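>>> Sequence and predicted structure, then a few things I'm wondering about:
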Amino acid sequence: MHGSLPVENAGSVPLCLFIEPYGEDFWLEPGEAVTVSAVNDEINVQFAVTVAADLISLWL
């Protein structure tokens, strides 16, 4: 998919995925995975990623 980023929690504790600038958070359980993407393939999304111990922050 054009402009998408797969995110997986490979750890052993829940991981917070925080999406900016929308201020939305999603909690991924260990082993859980999601793909963050644009609403449609016409939009070329670029990501800035910040990682902390139990947090991944994505800026679109």
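Yep, it's here. Numbering: from 1, shown residues only.
>>> Output the below-cut-off pLDDT ranges for the protein.
Along the chain, the model assigns pLDDT under 70 to residues 1-2.
>>> Going by residue numbers, what spans are strands in it?
All strands of the chain, identified by DSSP state E, fall at 4-8, 15-20, 24-28, 33-37, 48-52, 55-59.
>>> Would you format those as CSV with mean neighbour count included?
Backbone N, C-alpha and C define where each C-beta goes, glycine included. CSV is the format used below for the strands of the chain (neighbours: other Cβ atoms under 10 Å):
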stretch, mean neighbour count
strand 4-8, 14
strand 15-20, 16
strand 24-28, 13
strand 33-37, 13
strand 48-52, 10
strand 55-59, 15
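>>> For residue 23, give me its contacts.
Residue 23 makes no contacts at all, as judged by Cβ atoms under 8 Å, 6 or more residues apart in numbering.
>>> Against residue 60, how distant is it?
12 Å (Cβ to Cβ, to the nearest Å).
>>> same deal with residue 21?
Counting by Cβ to Cβ - residue 21 and residue 60 are separated by 7 Å.
>>> Between these two, which has more neighbouring residues?
Neighbours around residue 21 and residue 60, counted as other Cβ atoms under 10 Å, are more numerous at residue 60. The numbers are 15 against 7.
>>> Many thanks, I have nothing further to ask.
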